[in-house]
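Colleague: Provide a 3D model corresponding to the input given below.
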Amino acid sequence: PRPSWRSLRQRPVVFSVFLIGIVASVVTGGKALFPFMVVYLIGGAIRHLVLFVRDRSDNDDSVEEADPDPFTM
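Modeller: Model (predicted):
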């Protein structure tokens, strides 16, 4: 996330986790950077999987109309 006041107000949890990761990386001398990035990547994959499944279930609920037959008059 971009560090701005607007992003802090819109998504305070994401901004807080990002800030905690930066502070932990600085305090541990970079040793916390790899675990933080692994958690970040796994969280992103889970988020996209949930959005994919949710979008897929929304598409299954719609009823499509049949195309008109061009051979009938």
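Colleague: every contact and neighbour count from this point should use C-alpha atoms.
Modeller: Noted.
Colleague: quick one: low-confidence ranges for the protein?
Modeller: For the chain, applying pLDDT under 70 flags the ranges 1-2, 57-64, 73.
Colleague: can you tell me the centre-most residue of this protein?
Modeller: residue 47 (4.3 Å; C-alpha atoms, centre = their mean).
Colleague: so where do the helices sit in this structure?
Modeller: 5-10, 12-27, 33-60 (DSSP state H).
Colleague: and residue 71, which of the ones you listed is closest to it?
Modeller: Proximity to residue 71 (C-alpha to C-alpha) singles out helix 33-60 among the helices of the chain, at 29.1 Å.
Colleague: burial of residue 7, as a residue count?
Modeller: 13 (other C-alpha atoms under 10 Å).
Colleague: surely it and residue 14 touch.
Modeller: No. Residue 7 is beyond contact range of residue 14, at 9.1 Å (criterion: C-alpha atoms under 8 Å).
Colleague: check contacts around residue 8.
Modeller: The contact partners of residue 8, by C-alpha atoms under 8 Å, 6 or more residues apart in numbering, come to residue 15.
Colleague: noted, bye for now.
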